[in-house]
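*Asks:* Predicted model, plus sequence, below.
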Amino acid sequence: MSRSRPDPEGDELAERILTPSMGRRTFLRSATLGTVVIALGGATYVFASDEEDKKARATKRSDGRPRLPPGQHLITRLKPMGGTEGDPSPGAFKLHVHGEVEQPFTITFAELLAMTQVEQVCDVHCVTKWTVLDAKFTGVKVRDLAARAKVKPSARHVVFEANAGYTSNVPLAEALAPNVLVAHKYDGSPLARTHGAPVRALVPDLYFWKSAKWLTGIRFVGADRPGYWETRGYHNHADPWTEERYG
Ligand SMILES: Nc1nc2c(c(=O)[nH]1)N[C@H]1C(S)=C(S)[C@@H](COP(=O)(O)O)O[C@H]1N2
Ligand SMILES: [Mo]
């Protein structure tokens, strides 16, 4: 990540950690495991050892790509990355599935739970350079919601719509991949408010900013519509393996 590029989320992780001016910091290194635990302003990062990073980089996914994309480092749990939180109560939740579809619809949380549920273990990659392996999510495939709405042939992209106007755009074919979910549980528990309660998008194979938290809608569109970060310097596509970090 070059320092001359725009970095709307702040300095990259390694730089944040090494900045002595950060307040309230503890740094513990386990001599035997090489695990590094760092607490910064209330958030805790648990870093794996260099050996674990190396191992994950050498391990291949079923699609042949390395388990750990270039420039990424392992942490053990999702880190809350902020954003404008929506109403977390399931009772208030409504998801609009609309745009280039024949049958737009709105579903409640209970109706979402009545659809086929998927429990999925996947890896997530944040543009600020952390990766979590084997994150477990529960939810409904975007593909199933698309089928219910009867997406028109004119649709080419999906826009995930969230609280306070946050959006992210994903090419239709990638949004319909079987591992793209509307998720309501992380590691077996209802999503924490900071992680998007009650429902977030999950697009594991693109940088995590595509995974809109506090989801309110899925809009199918013909012409692409760059979203919140995509119009603020981030790459339009966001493939972690080719480091599509900045546009
Ligand atoms: N609604 C909404 N969704 C969002 C964001 C946001 O600001 N608002 N931030 C994105 C970014 S930049 C990242 S890295 C991930 C972080 O998710 P997490 O906080 O669960 O780790 O959420 C994405 N989804
Ligand atoms: Mo992010």
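*Replies:* It's in. Residues are numbered from 1 along each chain as shown. Ligands and ions are numbered 1, 2, ... in the order given.

*Asks:* hey, let's count contacts and neighbours off CA atoms from now on
*Replies:* Noted.

*Asks:* Give me the contact list for stretch 62-72.
*Replies:* Counting by Cα atoms under 8 Å, 6 or more residues apart in numbering, the neighbours of stretch 62-72 from elsewhere in the structure are 53, 56-61, 74, 125, 129-131, 240-243.

*Asks:* Now with 10 Å, please.
*Replies:* Where contact means Cα atoms under 10 Å, 6 or more residues apart in numbering, the residues beyond stretch 62-72 that reach it are 1, 53-61, 74, 123-133, 239-243.

*Asks:* cool, and stretch 105-120?
*Replies:* Among residues not part of stretch 105-120, those counted as contacts by Cα under 10 Å, 6+ apart are 89-98, 134-141, 144-145, 148-149, 178-188, 198-199, 216-217.

*Asks:* Whichever of those end up buried, select them in PyMOL.
*Replies:* Typed into PyMOL, the line below selects the buried ones among the contacts of stretch 105-120, using 16 or more other Cα atoms under 10 Å:
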select buried, resi 93+94+95+96+97+98+135+137+138+139+140+141+145+149+179+180+181+182+183+184+185+186+198+199+216+217
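
*Asks:* Let's see which of the contacts of stretch 105-120 end up in helices.
*Replies:* When DSSP state H defines the helices, the subset of the contacts of stretch 105-120 inside them is 144, 145, 148, 149.

*Asks:* all helices of this protein, in order?
*Replies:* With helices called from DSSP H, the chain shows them at 13-18, 50-58, 109-114, 142-149, 172-175.

*Asks:* got a list of contacts for the last one?
*Replies:* Helix 172-175 is contacted from outside by 141-143, 146, 155-160, 169, 180-181, 201-203, 205-206, 220-222, 224, using Cα under 10 Å, 6+ apart.

*Asks:* Drop anything exposed from the residues you listed.
*Replies:* Of all the contacts of helix 172-175 considered here, the ones buried according to neighbour count by 16+ other Cα under 10 Å are 141-143, 146, 155-160, 169, 180-181, 201-203, 205-206, 220-221, 224.

*Asks:* tell me the pLDDT at residue 32?
*Replies:* Note for residue 32: predicted pLDDT of 38.

*Asks:* just checking, residue 158 touches residue 145?
*Replies:* No - in this structure residue 158 lies outside contact range of residue 145 using Cα atoms under 10 Å: 12.0 Å.

*Asks:* hang on, the earlier thing: now, the most widely separated pair of the ones in helices among the contacts of stretch 105-120?
*Replies:* Using Cα to Cα, those reach their maximum pairwise distance at 144 and 149, which is 8.7 Å.

*Asks:* any idea which of the helices of the chain is most buried?
*Replies:* Between these, helix 142-149 has the highest mean count of neighbours, a mean of 19, where neighbours are mean count of other Cα atoms under 10 Å.

*Asks:* And for it, what's in contact with it?
*Replies:* In this structure, residues lying in contact with helix 142-149 by Cα under 10 Å, 6+ apart are 97-107, 112, 115-116, 141, 150-152, 158, 172-183, 201-203, 218-220.
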